[in-house]
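Trainee: I would like the atomic coordinates for the input below:
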Amino acid sequence: MNSRFLNGLVAAVVVASAPGALALTPAEKDLAFNSYNNAFYVANGGNGYYVLDTNRKVPTRFDFWRVCEQIEAAEDAYDRTRNPAHRDIVFSLLNGLNNVVSGTTDFASWNEYNDDVMWAVIALTRGYEITGHRPFLDQAQWQFNKVWDRAWDTKLGGGLWWRTDNQTKNACVNGPATIAAMLLARNTVNTGYRAQADQIYNWLRATLVNPTTGQVADHIQANGTKVWWAFTYNQGTFAGASTLLYQATGNTSYRDVGGLAVNWTRRNLTGQHVADILNDEYDANGGSGDTAGFKGIFVRWAGKWAGAANDASIKSWLANNSNTAWSYRNSSGVMWGQWWRRTPDNYVTSWESSPGLAVSQTPY
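Mentor: Have a look, this model is predicted:
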């Protein structure tokens, strides 16, 4: 165990209390990150990773996209603090993504899921911005380009296919791909990513977003049938893509439609157990299922939208969710995804705990 993650970690058992009105303090946010790392982070010869659970299972290719999102939570922590130790963690985690989880820097060569590669492109590009390590940016461009070449076509009016079998075009690839293209565009010159971001976003907004309510459909099938399953992460990445375009252009229509997506989520994907608190989203696989970590992605991009729009109501709402999750942490300071009851001490997965980390580090 690396002693630097013990700084500020309280030894006493944390007793959950009723959620209060105040947001977490900087010290509490530091403690949340330190606690998560103390529970799950492994630094191994420059290749860091988060173990899958408190039984210390090592992540594999099966866990690839979840690993990318856990890395993003660490990147959020660095963006909040600018702490050099947090920058070193990001560097180590990205090395681990390549060398431990994937076993190669060419994710697209083995992964049929185009959204998985786009999550990695985002983590790599953000990692480049944090560390200045140019190979991360080069790798991000290479992987984005490979997905674009195999996944974009004009069927259904445009958009990226979710998988290489070309059966559905999903929000979970087109939202992140817009974000990835915008991040690549701001770190490169004359590469065409900015135009690609517009192409992807315009298709996503026209095809999978209800312009009146802000609900984001999950996908459209190859036969043209739209499936309106609602998930927090799709709402979040659309809001995030809208935010980046608003910041780049000053066009308030991007801000406004991003706000529709955020507020639709607040109205429709909360209240499962506590009013105004984001739903658990656990599936039949519990804390090991994909959906258990979805809302961590939502709060990241909802927070960025709220900051860009200076929306006091959404800022307060996110703070309430953060404070509620924190109030139900376990004795190690870890928060799981059920933000209405105490996190168990005996077993928890790092993935189901990642939304608690994300909401504690989210800027707004």
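
Trainee: in which helix or strand would I find the residue lying closest to residue 178 once chain neighbours are set aside?
Mentor: Residue nearest to residue 178 in three dimensions, not counting chain neighbours: residue 241, with 3.8 Å by C-beta to C-beta, 6 or more residues apart in numbering. Yep, even glycine has a C-beta here, placed from its N, CA and C like the rest. For residue 241, the host element (DSSP states H and E) is helix 232-249.

Trainee: Tell me the buried residues in that helix?
Mentor: Applying a neighbour-count criterion of 16 or more other C-beta atoms under 10 Å, one finds 232-247 buried in helix 232-249.

Trainee: which helices and strands does it pack with?
Mentor: Judged by 3 or more C-beta pairs under 8 Å, 6 or more residues apart in numbering; DSSP states H and E, the packing partners of helix 232-249 are helix 171-187, helix 193-208, helix 252-268, helix 294-309.

Trainee: Take those helices and write them to TSV, including mean neighbour count.
Mentor: Formatted as TSV, those follow (neighbours: other C-beta atoms under 10 Å):
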stretch	mean neighbour count
helix 171-187	27
helix 193-208	20
helix 252-268	20
helix 294-309	26
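
Trainee: Let's have those in CSV, adding distance to residue 322 and mean pLDDT.
Mentor: Conversion of these to CSV gives the following (distance: least, C-beta to C-beta, whole Å; pLDDT from 0 to 100):
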stretch, distance to residue 322, mean pLDDT
helix 171-187, 22, 98
helix 193-208, 28, 98
helix 252-268, 14, 98
helix 294-309, 8, 98
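
Trainee: The ones you listed: which one's closest to residue 63?
Mentor: helix 294-309 (14.8 Å; C-beta to C-beta).

Trainee: Kindly calculate the angle that that closest one makes with helix 252-268.
Mentor: 140 degrees (axes from the mean of the first three to the mean of the last three C-alpha atoms, to 10 degrees).

Trainee: mind listing the helices for the stretch 51-200 of the chain?
Mentor: For the stretch 51-200 of the chain, the helices defined by DSSP state H, counting those that start in this stretch cover 64-81, 84-96, 114-131, 134-151, 171-187, 193-208.

Trainee: So which of those helices is nearest residue 58?
Mentor: Nearest to residue 58 among the helices of the stretch 51-200 of the chain is helix 84-96 (9.8 Å), distances taken as C-beta to C-beta.

Trainee: quick one: that closest one to helix 64-81, angle?
Mentor: Put simply, helix 84-96 runs at 160 degrees to helix 64-81, going by the same axes, to 10 degrees.

Trainee: Just the residues contacting helix 84-96, thanks.
Mentor: The contact list for helix 84-96 (C-beta atoms under 8 Å, 6 or more residues apart in numbering) reads 4, 33, 37, 41, 43-44, 46-50, 70-71, 74-75, 77-78, 123-124, 127, 130-131, 133, 136.

Trainee: again, but for stretch 255-270
Mentor: 205, 209, 211, 213-216, 230, 232, 235-236, 238-243, 246, 276-279, 281, 298, 302, 305-306, 308-309, 311, 314, 317.

Trainee: Try it again at 7 Å.
Mentor: 205, 213-216, 230, 232, 235, 238-239, 242-243, 246, 276-279, 298, 302, 305, 308-309, 311, 314, 317 (C-beta atoms under 7 Å, 6 or more residues apart in numbering).

Trainee: that older thread, what distance do you get for the residue nearest to residue 178 to residue 266?
Mentor: 19 Å (C-beta to C-beta, to the nearest Å).

Trainee: Tell me the spacing between the most centrally placed residue in the chain and residue 234.
Mentor: Geometric centre of the chain, nearest residue: residue 297, 3.1 Å, by C-alpha atoms, centre = their mean. The spacing between residue 297 and residue 234, counted by C-beta to C-beta, is 9 Å.

Trainee: do residue 71 as well
Mentor: 20 Å.

Trainee: Now tabulate the helices and strands packed on helix 232-249 in TSV and tack on distance to residue 348.
Mentor: TSV is the format used below for the helices and strands packed on helix 232-249 (distance: least, C-beta to C-beta, whole Å):
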stretch	distance to residue 348
helix 171-187	25
helix 193-208	33
helix 252-268	25
helix 294-309	14
